[in-house]
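Colleague: sequence first, then the predicted structure, then my questions.
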Amino acid sequence: MLRRRIRFGTRQIRALSWRQRVWLFEAALLNVVFRTVVKHRDVRAAERLAGRLGDVSLRAPRRRPDPADIGAAIRVAARLPLVRVLCVPRTLTAITMLARRGVAAQLHLGVASDGGEFAAHAWATVDGVDVISEPGDVGAFVELLSGPAGSGMLDPQTGAR
């Protein structure tokens, strides 16, 4: 069964363009890095890391990449068996990948309550358009914070209040 899944995944990856494969690999790697930092340190350390990694710009692209394409690569990478991550590492991955390509993205944090159940969510936007969440994921959340990642927004000493 596992072999069949791997072959199916390999076939899907082979169908991608070279650029999409690079984005998928980068997204998988960054997702794992941010998941590890969030788990073993805290979200503030992960946000600082996103800011530092986002400062390392790649060679200027001939044309601005479509943020939706990068978001799609991140969503696919987040579902890979060894990578599986939740919204915070996905969001930091999106912000970092976009910043490295010269696209400014905003980090958003929100909360929701439904029948006594509390939920929190993080997402990234470019020009007001959500990059990584599935349609309808963000609608139920009330935004608490938003701003550029790496700006210390999540640090209570220097961030937004």
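Modeller: Yep, it's here.

Colleague: residue ranges in this structure under the pLDDT threshold?
Modeller: 1-12, 56-62, 135-136, 149-161 (pLDDT under 70).

Colleague: now with 50, please.
Modeller: Low-confidence segments of the chain (pLDDT under 50): 1-8, 160-161.

Colleague: show me where it has strands.
Modeller: Under the criterion DSSP state E, the chain carries strands at the ranges 106-114, 117-126, 129-130, 142-148.

Colleague: so in that sheet, which strands flank the third one, and in what orientation?
Modeller: Think strand 129-130. strand 117-126 (antiparallel) (DSSP bridges).

Colleague: returning to that earlier point: any chance of the strands of the chain in TSV, with distance to Gly71 too?
Modeller: For the C-beta atoms, the positions are set from N, CA and C on the backbone; glycine is no exception. Formatted as TSV, those follow (distance: least, CB to CB, whole Å):
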stretch	distance to Gly71
strand 106-114	14
strand 117-126	8
strand 129-130	8
strand 142-148	17
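
Colleague: can you put those strands in a markdown table and add distance to Phe25 and mean neighbour count?
Modeller: Below are the strands of the chain laid out as a markdown table (distance: least, CB to CB, whole Å; neighbours: other CB atoms under 10 Å):
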| stretch | distance to Phe25 | mean neighbour count |
| --- | --- | --- |
| strand 106-114 | 23 | 16 |
| strand 117-126 | 19 | 18 |
| strand 129-130 | 23 | 14 |
| strand 142-148 | 25 | 13 |
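
Colleague: give me the neighbour count for Cys87.
Modeller: 18 (other CB atoms under 10 Å).

Colleague: isn't it right next to His121, touching?
Modeller: Yes: judged on CB atoms under 8 Å, Cys87 makes contact with His121 at a distance of 5.4 Å.

Colleague: find the residues that touch each one of those two.
Modeller: Ser133 (CB atoms under 8 Å, 6 or more residues apart in numbering).

Colleague: sorry, back to before: nearest to His40, of the strands of the chain?
Modeller: Minimum separation from His40 across the strands of the chain (CB to CB) falls at strand 117-126, 18.1 Å.

Colleague: contacts for that closest one?
Modeller: 67, 71, 87-88, 90-91, 94-95, 98, 103-113, 130-133, 137-138, 140-141, 149.

Colleague: and the angle for that strand with strand 142-148?
Modeller: 30 degrees (axes from the mean of the first three to the mean of the last three CA atoms, to 10 degrees).
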